[in-house]
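[1] sequence isn't available, so here's the structure alone:
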């Protein structure tokens, strides 16, 4: 996708894959800040990414790579790799998909939400969805900070 003077630059998107929900985050147009976009089922997340790509374009998808605390790959990384393959098939013209170490991002997201004053609603799925979207934002922000993009 070629950017013109009128069109915004294609998006950089963060993904926090989970077996029940997938958290998504979007970078601002200047690629300085990540913000949570929502939590979706695996299928809904693919459809939402396709919608974002159709509307604004996606240049890079940053996917959380769930290494063990010892830094090794395992069953979780195999599941995420399968989802990455699914994303590549659904979005073949996205420029790239990047894996980013996501160790402890869910715990950091919970802490950040608590520090921001988020209150538990009593609806467990909604609370977990906020954590998943916040974790995706942390993964994406780490990538943006590291790459200066």
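    That came through fine. These numbers were taken from a predicted model, which means no experiment stands behind them.

[2] starting at the chain centroid, how far to the longest helix seen in the chain?
    Selection of the longest helix in the chain by residue count, based on DSSP state H, yields helix 124-147. Averaging C-alpha coordinates over helix 124-147 and over its chain gives two centres that are 6 Å apart (Cα atoms, centre = their mean, to the nearest Å).

[3] burial count for residue 52?
    For residue 52, the number of neighbouring residues by other Cβ atoms under 10 Å comes to 19. For glycine as for every other residue, the C-beta is placed from the backbone atoms N, C-alpha and C.

[4] residue 77 in helix, strand or coil?
    When the structure is split into helix, strand and coil by DSSP: H, G, I helix; E, B strand; the rest coil, residue 77 lands in helix.

[5] who's in contact with it?
    Shown in contact with residue 77 (Cβ atoms under 8 Å, 6 or more residues apart in numbering): 65-67.

[6] run a quick neighbour tally on residue 60.
    Residue 60: 20 surrounding residues under other Cβ under 10 Å.

[7] which residue is the nearest non-sequential neighbour of it?
    Of all residues not flanking residue 60 in the chain, residue 12 sits nearest, at 4.7 Å (Cβ to Cβ, 6 or more residues apart in numbering).

[8] now the phi/psi pair for that neighbour, please.
    Reported as degrees, to the nearest 10, the phi and psi values for residue 12 are phi -110, psi 130.

[9] sorry, back to before: counting by contacts, list what the longest helix of the chain packs against.
    If you count contacts as 3 or more Cβ pairs under 8 Å, 6 or more residues apart in numbering; DSSP states H and E, helix 124-147 packs onto strand 11-16, strand 22-27, strand 34-40, strand 58-65, strand 96-101, helix 105-115.

[10] which of the residues in that helix are buried?
    When neighbours are counted by 16 or more other Cβ atoms under 10 Å, the buried residues of helix 124-147 are found to be 127-144.

[11] give me the mean pLDDT for that helix.
    Confidence for helix 124-147, expressed as mean pLDDT, is 83.

[12] check stretch 65-76 too.
    Within the predicted structure, the mean pLDDT of stretch 65-76 is 88.

[13] ok, and what's touching it?
    Residues outside stretch 65-76 that contact it (Cβ under 8 Å, 6+ apart): 17, 77, 80, 99-103.
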